[in-house]
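*Asks:* This is the structure alone, sequence omitted:
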Ligand code: HEM
Ligand code: SF4
């Protein structure tokens, strides 16, 4: 298992100490809030609607049992007994007191964690497939590369004043579970004639101007990864717009210059940068690959699990949603839902975090992952242990069998926490989840991705939802636009706006009309919402959303 180096530990401690002094100077009034702002943003500390918020990095979503326990302790001692796992595979604490933040950061450093580069105009946490290192469809584990990128990008001297934030995602499996083309740079691990390399995409992003990244290189050799990334960031650092923060992201640079011109700029940077890399990065990578080597998994029988499935309907329902193929046929990847009906999506209480840590220790090599869909993954569970694991999760209220269904919603913090919000998103997600459960339609509707953002910044990925919901403010009243047909996978697509928005209380009736129409329109029970939408186009769905509503109003 990967362990931070002594160098890393010392750097994290030094940064914690430095920030303790900065906080003390803010508290005694020597720094104004404006002066303090850039300092706190370098350390993941935001000022939200009601309180500060501390965003803690979980690099590429990988966390061990001890670290998860420490997060639970932090939630209990300095916050309100829970944390919020985010779409960028991190965790946020929503209620810290400024005076306590240095102690929280020290507690993180005790387990090799920190909040560096989780905010501000920096290269952020590289996200990846939450099944990395375990998935049956994996070409190569992307995490050694993600860790190499983390080491290269942390406090990179050339990139201390970027035009805006910069997000990289890397996927090592055949299915894209990291939404790579929705990122500033997306890397797909590919294999060509036995050699591993990367397909490189650039200029994706969501926010107010959503764009799908374009291909920059079809095959980048592994040894060129860092110099090539450095060339991309350098080209953007020079050409990116600093006059308007809404036009500063690399997607706008690529869009305005065109992919050919941008590619020429990158290639012009590349030779000198490549020559400057003398192989130290490759030595580090070799060491990282050894550290991320798959755990030794003893052979286990799986017949007892198959037998239990035949007799236990609850286990069967849960396994159908939560269990995915592992590269070792005796094992499985388990997704634990943090989307219990009616609960805020992505929140976990400290008790739940401790239970997850304990179960990871008992059954899962002490490993856990956070998915960008805001659930927790236990990547290496023997099939023979699945019935016992399910029982333990059930007792802890963590066995909701809804992964990939209507209630497995991504929702941003919205009006409940966020100072930029124009509408609520968490309460809407909670109500959608309970509504369709109470109607008994969730299983019948099947695979569906609903994603909700509380403002145009799109932290809830609404553009990528099969059904996206964007909460806006229309003359002081919440108004929700619905988009249809978004897709966050290897067939990525941006959803299209269906028409005028709905008031808060109208959203759920509108969704019900939409989903009932889908059930009527689908060819058979295996055709998903997205497939039906792609086959028929949006018109019959718009009809359900709007014309039906008008008919009702006229009656
Ligand atoms: C304090 C609360 C937050 C603030 C102030 C905030 C701010 C923003 C802003 C301004 C953008 C637009 C960036 C751009 O277009 O250049 C954005 C995008 C985004 N944020 Fe947040 N955010 C917050 C919380 C979150 C949370 C909790 C998550 C994860 C659940 C998140 C994930 C994202 C993602 C995925 C995007 C879109 C991807 C992209 O960068 O293009 N944010 N955020
Ligand atoms: S989408 Fe808007 S409301 Fe939601 S977290 Fe991002 S900035 Fe806040």
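*Replies:* That came in fine, so what should we check first? Values in this document were obtained by computation on a predicted structure and should not be read as measured data. Ligands and ions are numbered 1, 2, ... in the order given.
*Asks:* Now the strand or helix carrying residue 251: average pLDDT?
*Replies:* Residue 251 belongs to helix 250-257 when elements are defined using DSSP states H and E. In this model, helix 250-257 has a mean pLDDT of 97.
*Asks:* Other residues contacting it?
*Replies:* 166, 184-185, 202-205, 209, 211, 213-214, 232, 236, 239-241, 247, 262, 265 (CB atoms under 8 Å, 6 or more residues apart in numbering). Heads up, the C-betas are built off the backbone N, CA and C, glycines and all.
*Asks:* Quick check: next helix or strand after it?
*Replies:* Moving toward the C-terminus from helix 250-257, the next element (DSSP H and E) is helix 259-276.
*Asks:* Now do the buried residues in that following helix.
*Replies:* 262-263, 265-266, 269-270, 273 (16 or more other CB atoms under 10 Å).
*Asks:* So which other helices or strands are in contact with that helix?
*Replies:* strand 214-221, helix 225-239, helix 250-257 (3 or more CB pairs under 8 Å, 6 or more residues apart in numbering; DSSP states H and E).
*Asks:* and the last one with ligand 1, contact?
*Replies:* No: contact of helix 250-257 with ligand 1 is not found when judged by CB under 6 Å from any ligand atom; the minimum separation is 7.6 Å.
*Asks:* Nearest to ligand 2 among the helices and strands packed on helix 259-276 would be which one?
*Replies:* helix 250-257 (16.7 Å; CB to the nearest ligand atom).
*Asks:* related to what we said a few turns ago, narrow the contacts of helix 250-257 to those that are buried.
*Replies:* 166, 184-185, 202-205, 211, 213-214, 232, 236, 239-241, 247, 262, 265.
*Asks:* do you know how far the closest residue to ligand 1 within the chain is from residue 128?
*Replies:* Residue of the chain nearest ligand 1, by CB to the nearest ligand atom: residue 207 (2.3 Å). Note on residue 207: its distance to residue 128, by CB to CB, to the nearest Å, is 21 Å.
*Asks:* mind checking the SS state of residue 54?
*Replies:* With DSSP: H, G, I helix; E, B strand; the rest coil as the basis, residue 54 sits in strand.
*Asks:* just checking, what packs against the lengthiest helix in the chain?
*Replies:* As assigned by DSSP state H, the longest helix anywhere in the chain is helix 6-27. Helix 6-27 is packed against helix 33-41, helix 101-110, with contacts defined by 3+ CB pairs under 8 Å, 6+ apart.
*Asks:* I'd like the average pLDDT over that helix.
*Replies:* The average pLDDT within helix 6-27 is 94.
*Asks:* Okay, buried residues for stretch 222-238 please.
*Replies:* Those would be 222, 224-237, for stretch 222-238 by 16+ other CB under 10 Å.
*Asks:* Now do the strands in the stretch 301-450 of the chain.
*Replies:* Taking DSSP state E, counting those that start in this stretch, the strands of the stretch 301-450 of the chain run over residues 323-325, 331-336, 347-349, 367-370, 376-382, 410-411, 450-453.
*Asks:* With respect to residue 429, which of these lies nearest?
*Replies:* With CB to CB, the closest approach to residue 429 among these belongs to strand 410-411: 3.9 Å.
*Asks:* Of residue 207 and residue 128, give the one with the bigger neighbour count.
*Replies:* residue 128 (31 against 17; other CB atoms under 10 Å).
*Asks:* for residue 81, what are its contacts?
*Replies:* Contacts of residue 81 (CB under 8 Å, 6+ apart): 75, 349-350.
*Asks:* Give me the distance between stretch 253-264 and the centre of its chain.
*Replies:* How far stretch 253-264 lies from its chain's middle: 27 Å, per CA atoms, centre = their mean, to the nearest Å.
*Asks:* oh sorry, the question was meant for stretch 54-61
*Replies:* 10 Å.
*Asks:* Stretch 230-247 now?
*Replies:* 24 Å.
*Asks:* check contacts around the residue of the chain closest to ligand 1.
*Replies:* 249, 456-458.
*Asks:* Format these as a markdown table; extra columns: secondary structure.
*Replies:* A markdown table is the format used below for the contacts of residue 207 (three-state DSSP):
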| residue | secondary structure |
| --- | --- |
| 249 | coil |
| 456 | coil |
| 457 | coil |
| 458 | coil |
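*Asks:* and the two most separated of those residues?
*Replies:* 249 and 456 (13.7 Å).
*Asks:* Show me which of those two is the more surrounded one.
*Replies:* Per other CB under 10 Å, whichever of residue 249 and residue 456 has more neighbours is residue 249, with 27 against 18.
*Asks:* Tell me how far the more buried one lies from residue 461.
*Replies:* Taking CB to CB, one finds residue 249 at 16 Å from residue 461.
*Asks:* again, but for residue 285
*Replies:* Taking CB to CB, one finds residue 285 at 30 Å from residue 461.
*Asks:* Looking only at neighbour counts, state which of these two leads.
*Replies:* Neighbours were counted for residue 285 and for residue 461 using other CB under 10 Å; residue 461 has more, 24 against 19.
*Asks:* How about the contacts made by the residue lying closest to residue 443 once chain neighbours are set aside?
*Replies:* Distance criterion CB to CB, 6 or more residues apart in numbering; nearest residue to residue 443, sequence neighbours excluded, is residue 405 at 7.3 Å. Contact partners of residue 405, counting by CB under 8 Å, 6+ apart, are 321, 442-443, 445-448.
*Asks:* State the number of residues packed around residue 105.
*Replies:* Residues near residue 105, counting by other CB under 10 Å: 28.
*Asks:* got a list of what residue 225 touches?
*Replies:* 145, 148-149, 187, 198, 281.
*Asks:* got a winner among the residues you listed for most neighbours?
*Replies:* Result: residue 187 is most packed of those (other CB under 10 Å), 29 neighbours.
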